[in-house]
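Undergrad: structure here, sequence nowhere to be found:
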C-alpha cells in the first residue's frame with residue numbers, strides 16, 4: 001500500500017481473466033481499458049506458451065498490465081496422479097520464472113472423500129510440500145486459495161493447513177467462498193495477515209440456491225458488507241493485491257470490471 005499526495009492510502013488492484021473464458025486476449029485489452037494495472041491469469045494459459053515464451057512476452061507487453069499471479073489447481077488429494085501433477089507444476093514454475101510472474105495461487109482441487117481424516121491430511125500436506133518445492137526452486141511465491149468443494153474450505157480446514165504447511169506458503173482468501181463456508185473473514189485476515197498476499201473480491205447474495213446458501217455476483221449487487229474489511233486493510237497498511245473475480249458476468253465481463261472499480265471508489269478506495 002502506498003500513501004498518495006492527498007494523504008490517502010492506495011491499493012494494488014488486479015482482475016482475474018476467468019470472466020472472459022477462452023477469450024482471454026480480449027480480456028487483457030478490456031481489463032487494461034477498464035483501469036486495472038494488473039491481471040491474474042490461469043496456469044493453463046501460460047502452459048499454452050511453453051515453447052513460445054517470446055511470443056507471450058511480446059503479447060503481454062502490448063498492455064499496461066502486470067501479471068499479479070497465475071491460478072492453478074493443486075489437486076492436493078489426488079496422490080495417485082502425483083507424478084503427473086509434479087511434472088505439470090514444474091513446467092508452470094519454470095514458465096512463471098521466464099515470464100517474470102512472481103506468484104502462483106493454488107486451489108486445493110476436489111475433496112475426494114466425504115470425511116478427511118488425519119492420514120488424509122498427512123498425505124495432502126506431503127503433496128503440498130512436494131508441489132511447493134517446484135515453485136521454490138524457481139523463486140516463485142506459493143499461496144493457498146481456500147475453495148468451495150475442496151478439502152481446504154472451512155475456517156477449521158484453513159487453520160489445519162496454514163498451521164502445518166511451511167511458513168513461506170501464503171494465503172489468498174476469497175470473500176465469496178468465506179461467505180459460503182460460513183465464517184467471518186475479518187478474524188481470518190487478522191490471524192494470517194503477514195501471510196496474506198492477495199484477496200479475491202466478489203459479492204454474494206444470501207438465500208437458497210440448490211445446495212448452496214450463496215450466489216456469487218458483481219461487487220455492489222449482493223449482500224456482503226466489505227467496508228469493515230477495507231477499513232482493516234487500510235489500518236494495517238496492506239500491500240498485497242485486491243483481485244476482482246468475475247465468475248458469471250450479468251452483462252459483459254468488461255461492464256462487471258468497471259462496476260467493481262466504481263464500487264471500490266465509492267467506498268473510498270484509491271487504486272494504483
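TA: Looks like it came in fine. Owing to the predicted nature of the structure, the values given are computational and were not obtained by experimental measurement.
Undergrad: now do the residue nearest to residue 246 when sequence neighbours are not counted, the pLDDT please.
TA: Of all residues not flanking residue 246 in the chain, residue 19 sits nearest, at 3.2 Å (CB to CB, 6 or more residues apart in numbering). For glycine as for every other residue, the C-beta is placed from the backbone atoms N, C-alpha and C. With respect to pLDDT, residue 19 scores 91.
Undergrad: list the contacts of residue 19.
TA: Counting by CB atoms under 8 Å, 6 or more residues apart in numbering, residue 19 touches 27, 245, 246, 247, 248, 249, 253, 256, 257.
Undergrad: if we go to 7 Å?
TA: 246, 249, 253, 256 (CB atoms under 7 Å, 6 or more residues apart in numbering).
Undergrad: show me what contacts the residue nearest to residue 24 when sequence neighbours are not counted?
TA: Distances taken as CB to CB, 6+ apart put residue 17 closest to residue 24, at 4.7 Å, once the chain neighbours are dropped. Residues in contact with residue 17 (CB under 7 Å, 6+ apart) are 24, 27, 39, 40, 41, 42.
Undergrad: dump these to a markdown table, plus secondary structure, pLDDT and neighbour count.
TA: Output for the contacts of residue 17, formatted as a markdown table (DSSP: H, G, I helix; E, B strand; the rest coil; pLDDT from 0 to 100; neighbours: other CB atoms under 10 Å):
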| residue | secondary structure | pLDDT | neighbour count |
| --- | --- | --- | --- |
| 24 | helix | 94 | 18 |
| 27 | helix | 96 | 23 |
| 39 | strand | 98 | 23 |
| 40 | strand | 98 | 25 |
| 41 | strand | 98 | 24 |
| 42 | strand | 97 | 16 |
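Undergrad: stretch 261-272 spans what distance, first to last residue?
TA: This stretch, stretch 261-272, spans 11 Å end to end (CA to CA, to the nearest Å).
Undergrad: so for that stretch, mean pLDDT?
TA: pLDDT averaged over stretch 261-272 gives 87.
Undergrad: how about it: buried residues?
TA: Judged by neighbour count (16 or more other CB atoms under 10 Å), stretch 261-272 contains these buried residues: 261, 263, 264, 269, 270.
Undergrad: strands of the protein, start to end?
TA: Counting by DSSP state E, the chain has strands at residues 2-3, 9-16, 38-42, 66-73, 103-107, 141-144, 169-171, 198-201, 203-209, 212-217, 241-244, 270-271.
Undergrad: quick one, which of those gets closest to residue 150.
TA: The closest of the strands of the chain to residue 150 is strand 103-107. By CB to CB, the value is 6.5 Å.
Undergrad: which elements pack onto the closest one?
TA: strand 66-73, strand 141-144 (3 or more CB pairs under 7 Å, 6 or more residues apart in numbering; DSSP states H and E).
Undergrad: how much space between the residue nearest to residue 246 and residue 70?
TA: 16 Å (CB to CB, to the nearest Å).
Undergrad: repeat that for residue 128.
TA: 17 Å.
Undergrad: so which of the two has more stuff around it?
TA: Using other CB atoms under 10 Å as the criterion, residue 128 and residue 70 rank with residue 70 on top: 25 against 22.
Undergrad: from residue 92, how far out is that one?
TA: 7 Å.
Undergrad: again with residue 121
TA: As judged by CB to CB, residue 121 and residue 92 stand 25 Å apart.
Undergrad: what about the two, which has more around it?
TA: residue 92 (24 against 17).
Undergrad: correct me, but that one touches residue 45?
TA: No. At 10.3 Å, residue 92 does not count as touching residue 45 under the criterion of CB atoms under 7 Å.
Undergrad: return the residues in contact with residue 131.
TA: Neighbours of residue 131 in contact, by CB under 7 Å, 6+ apart: 74, 86, 89.
Undergrad: among those residues, which one lies nearest to residue 149?
TA: Nearest member of the contacts of residue 131 to residue 149, counting by CB to CB, is residue 74, at 13.4 Å.
Undergrad: that closest one: what's it in contact with?
TA: Residue 74 makes contacts with 106, 107, 108, 109, 128, 131, as judged by CB under 7 Å, 6+ apart.
Undergrad: the fourth one reaches residue 148, doesn't it?
TA: Yep, that's residue 109 we're talking about. No. The criterion here is CB under 7 Å, and residue 109 misses it with residue 148 at 12.0 Å.
Undergrad: tell me the buried residues in the lengthiest helix in the chain?
TA: Under DSSP state H, the helix in the chain containing the largest number of residues is helix 118-137. Using 16+ other CB under 10 Å as the test for burial, helix 118-137 gives 120, 121, 123, 124, 125, 127, 128, 131, 132, 134, 135, 136.
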